[in-house]
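Q: Okay, structure incoming, though there's no sequence with it:
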């Protein structure tokens, strides 16, 4: 493989013998690449991840970088479309010659891009998705941060059935690989309890065409609708459901984009549930959160804390830790070995662990509810609104 041969090549320049570094590694810089939705219906997700990663990199750069190297992020828009993610990934690896890919957004886009990165053994760090296929250790180049969608959907069903004693649960999902991963997780969690969905409906990615799904689900009179989608179509579904007086608890997956969803919903957001995979971004007493808040402010003075940018910041910190552990002569192999050989990371109290068979740093799932003013409350269990 060309990339694996590269760092074994020795060149003679001006009579000196110089070992060539991996792509993206220079004497004073390491370059990372990001393909994510920076425009379109899922733009808040890509922009949030980008902000968080840039904040982590800027924080490290201000302290002298890593081994004297500054960290740079090249971000390109894929519009949450797999075909564009493929083009971007090839371009970032072949043209921009990035050291690693970081902060991809979405299951369908990652499903398209990850095999390209794996074939080139380019590190694929912190994708914003809980899809199970990215947790397969045989890839050899994927480093995940977040809990899986299976863990989130299990938490949904556990809280709905135990806290609220619900037995009529319906599902809205995006009709693609992302939605179907969530669908499988919900189905498995229900089957574990001897239950099944009372109804399900879907919508097409990058649209808000949810009316047909709403009518199908409404007929089943569900007590809860669990939702595997992005913020715009999910918001449209909830607003329409409330308009036609559908009395149900709405539960969302972390990928939805919490702040963007709350903003889209306005007063209709009151009581909407979202599972999260990062700590509460407004808890300034948490050392990690305090650093994160200062870091995003240094990058953008009007930046507000949020779940997506916090995840981006954590992912950026994970990449920084990998570089530190790889040492001054960092290569893609040494970077990945820092995780595969067994690593415990402590990010200001947030503890993550990796190993040869464990590519996922965190198993944590947190429960939150949107309040009437659009802010969020962290809760341990669900309570009936009645």
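A: Great, that's in hand. All figures in this text were calculated on a predicted structure; none of them were measured in a lab. Residues are numbered from 1 along each chain as shown.

Q: make it CA atoms for all contacts and neighbour counts henceforth
A: Fine.

Q: buried sites along stretch 195-214?
A: By 16 or more other Cα atoms under 10 Å, the buried positions in stretch 195-214 come out as 196-203, 205-206, 208, 210-211, 213-214.

Q: and stretch 373-386, how far out from the chain's middle?
A: The chain centre lies 23 Å from the centre of stretch 373-386; the measure is Cα atoms, centre = their mean, to the nearest Å.

Q: Repeat that for stretch 28-40.
A: That offset, for stretch 28-40, works out to 14 Å (Cα atoms, centre = their mean).

Q: Likewise for stretch 193-209?
A: That offset, for stretch 193-209, works out to 21 Å (Cα atoms, centre = their mean).

Q: So which bits of stretch 56-69 are buried?
A: Residues of stretch 56-69 classed as buried by neighbour count (16+ other Cα under 10 Å): 56-61, 65-67, 69.

Q: burial of the nearest residue to residue 305 once chain neighbours are set aside, as a residue count?
A: Nearest residue to residue 305, sequence neighbours excluded (Cα to Cα, 6 or more residues apart in numbering): residue 281, at 5.8 Å. The tally of other residues near residue 281 (other Cα atoms under 10 Å) stands at 21.

Q: all strands of the stretch 201-350 of the chain, in order?
A: Using DSSP state E, counting those that start in this stretch, the strands of the stretch 201-350 of the chain run over residues 224-228, 249-252, 273-276, 343-347, 350-354.

Q: for the first one, packing partners?
A: Contacts of strand 224-228 with other secondary structure elements, assessed using 3 or more Cα pairs under 8 Å, 6 or more residues apart in numbering; DSSP states H and E, are made with strand 169-174, helix 177-191, strand 249-252.

Q: ranking those by burial, who's on top?
A: strand 169-174 (a mean of 26; mean count of other Cα atoms under 10 Å).

Q: quick one, domains of the chain?
A: With domains defined by automatic domain parsing, the chain comprises 2-146+283-354, 149-276+366-379.

Q: about what we covered before: okay, the strands of the stretch 201-350 of the chain in TSV with distance to residue 122 and mean pLDDT next?
A: Compiled in TSV, the strands of the stretch 201-350 of the chain are given as follows (distance: least, Cα to Cα, whole Å; pLDDT from 0 to 100):
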stretch	distance to residue 122	mean pLDDT
strand 224-228	29	98
strand 249-252	32	98
strand 273-276	28	98
strand 343-347	19	94
strand 350-354	18	97
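
Q: Take these and lay them out in CSV including distance to residue 154.
A: Output for these, formatted as CSV (distance: least, Cα to Cα, whole Å):
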stretch, distance to residue 154
strand 224-228, 11
strand 249-252, 12
strand 273-276, 11
strand 343-347, 26
strand 350-354, 21
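
Q: re earlier: farthest-apart pair in the buried residues of stretch 56-69, please.
A: Maximum pairwise distance in the buried residues of stretch 56-69, criterion Cα to Cα, is 15.8 Å, between 56 and 67.

Q: Got the phi and psi for the nearest residue to residue 320 once chain neighbours are set aside?
A: Using Cα to Cα, 6+ apart and skipping the chain neighbours, the partner closest in space to residue 320 is residue 66 (7.3 Å). Backbone torsions of residue 66, given as degrees, to the nearest 10, read phi -120, psi 120.

Q: And residue 278, by the same measure?
A: The phi/psi pair for residue 278 (degrees, to the nearest 10) is phi -130, psi 160.

Q: swap in residue 117?
A: Main-chain dihedrals, residue 117, degrees, to the nearest 10: phi -60, psi -40.

Q: again, but for residue 380
A: According to degrees, to the nearest 10, residue 380 has phi -90, psi -20.

Q: how about it, what does it touch?
A: Residue 380 is in contact with 366-367, counting by Cα atoms under 8 Å, 6 or more residues apart in numbering.

Q: got a pLDDT number for it?
A: Confidence at residue 380, expressed as pLDDT, is 95.

Q: ok, back up a step: filter the buried residues of stretch 195-214 down to the ones in helices?
A: Secondary structure defined by DSSP state H assigns 211, 213-214 of the buried residues of stretch 195-214 to helices.

Q: and which of these is nearest residue 334?
A: If you rank those by distance to residue 334 using Cα to Cα, residue 213 comes first, at 48.2 Å.

Q: I figured the closest one was touching residue 203, is that so?
A: Yes. Using Cα atoms under 8 Å, residue 213 is in contact with residue 203, at 7.1 Å.

Q: any residues in contact with both of the two?
A: Common contact partners of residue 213 and residue 203 (Cα under 8 Å, 6+ apart): residue 172.

Q: Could you find the closest non-adjacent residue to residue 198?
A: residue 170 (5.4 Å).

Q: dump the residue contacts of the one you found.
A: Shown in contact with residue 170 (Cα under 8 Å, 6+ apart): 197-200, 217, 220, 222-226.

Q: Any idea what the spatially most central residue of the chain is bridged to?
A: In the chain, the centroid-proximal residue (Cα atoms, centre = their mean) is residue 128; its distance is 1.8 Å. Assessed by DSSP bridges, residue 128 has beta-bridge partners residue 105.

Q: Residues contacting stretch 147-154, please?
A: Here stretch 147-154 makes contact (Cα under 8 Å, 6+ apart) with 129-132, 181-182, 185-186, 189, 253, 275, 277, 360-365.

Q: if you set the cut-off to 6 Å instead, what comes out?
A: 130-131, 185-186, 189, 362-364 (Cα atoms under 6 Å, 6 or more residues apart in numbering).

Q: ok now that stretch, how far from the chain's centre?
A: Computed by Cα atoms, centre = their mean, the chain-centroid distance of stretch 147-154 equals 13 Å.

Q: tell me which residues form a beta bridge with residue 31?
A: Under the criterion used (DSSP bridges), residue 31 bridges to residue 72.
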